[in-house]
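Enquirer: With the sequence up front, the predicted model follows.
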Amino acid sequence: SGNLDLSGIKDINANAFYNCSKLTEVTFPATMTKIPDSAFANWQMTADTSITLPSKLKTIGTSAFKGTDLAGAITIPDTVTSIGANAFENTKITGVTLPKNLTKLENAVFKNTALTGKMELPATLTSIGDSVFENTDITSVTLGDKITSIGKSAFSGTALTEVTLPETIKTIGETAFKGT
C-alpha cells in the first residue's frame, strides 16, 4: 500500500492507473485541468478513501473513478465544466457538491453510489442524463428552472419522497422515477 504523488506531473493519460491496487491516497498537481477517461477506474484502495480534486480542474473524463472505493463526500471545483458519463459510478461516495456552472449531467455519473440525503443541483443545469442518480439513497432534489430534460431511469430506485418539476421540462425519460 502507498501514496501516489502526482504533484510534479503535468498530465496523465486515459487508463493510467486503471485497476491499480493497494493505493491509499492520491495527491493531484494543483495545475491539473483534466482527469482523463478511466484514469483511476477499478482502483482497488486498501481502505475507503476520499480525494481532494485540483482547484484548476476543468474536465473529469468518462469512467474516471468508476468502480473504485472512493468514499465520503466530494467537492467538484467550480472550474469543472464537464463530468463524463459513469465518472463516479459504483463508488462509495455519500455526498457531492457540484460546480456552480455545470449545464449537463452525463449518463450514470452517480449511478449505484452511496449518495444520500438532499441533492443540490446547480441552477445552470439544463439536462440530467440517463440513470444519473439511479440506485442511490437521495431523498430530495432541487431542480432549477433551466432544466429541460430528465433522462430515462435518472432517479429510478432512489429514496426520493418529493420532487417539484419546473415548467421548463420538455422531456422525461422512461422509468425516470421508477421505484421512488
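Expert: Cool, the structure landed. Because the structure is a prediction, the values reported are computed rather than measured.
Enquirer: Now do the buried residues in stretch 60-75.
Expert: Applying a neighbour-count criterion of 16 or more other Cβ atoms under 10 Å, the buried positions in stretch 60-75 are 60-71, 74. Placement of C-beta: from N, CA and C, glycine included.
Enquirer: what comes into contact with that stretch?
Expert: Defining contact as Cβ atoms under 8 Å, 6 or more residues apart in numbering, one finds that stretch 60-75 is touched by 14, 34-45, 47-53, 76, 80, 82-97, 106, 114.
Enquirer: switch to 7 Å and redo it
Expert: 14, 34-43, 45, 48-51, 80, 83-97 (Cβ atoms under 7 Å, 6 or more residues apart in numbering).
Enquirer: In strands only, show me the residues you listed.
Expert: Taking DSSP state E as the definition of strands, the contacts of stretch 60-75 contribute 34-35, 45, 83, 92-97.
Enquirer: farthest-separated two in those residues?
Expert: K34 and T94 (25.4 Å; Cβ to Cβ).
Enquirer: Let me see the ranges of the strands in this protein.
Expert: If DSSP E is used as the criterion, the strands of the chain fall at 2-5, 21-27, 34-35, 44-45, 59-60, 71-75, 82-83, 92-97, 104-105, 116-120, 127-128, 137-142, 149-150, 171-172.
Enquirer: State the mean pLDDT of the fifth one.
Expert: It refers to strand 59-60. With pLDDT averaged residue by residue, strand 59-60 scores 96.
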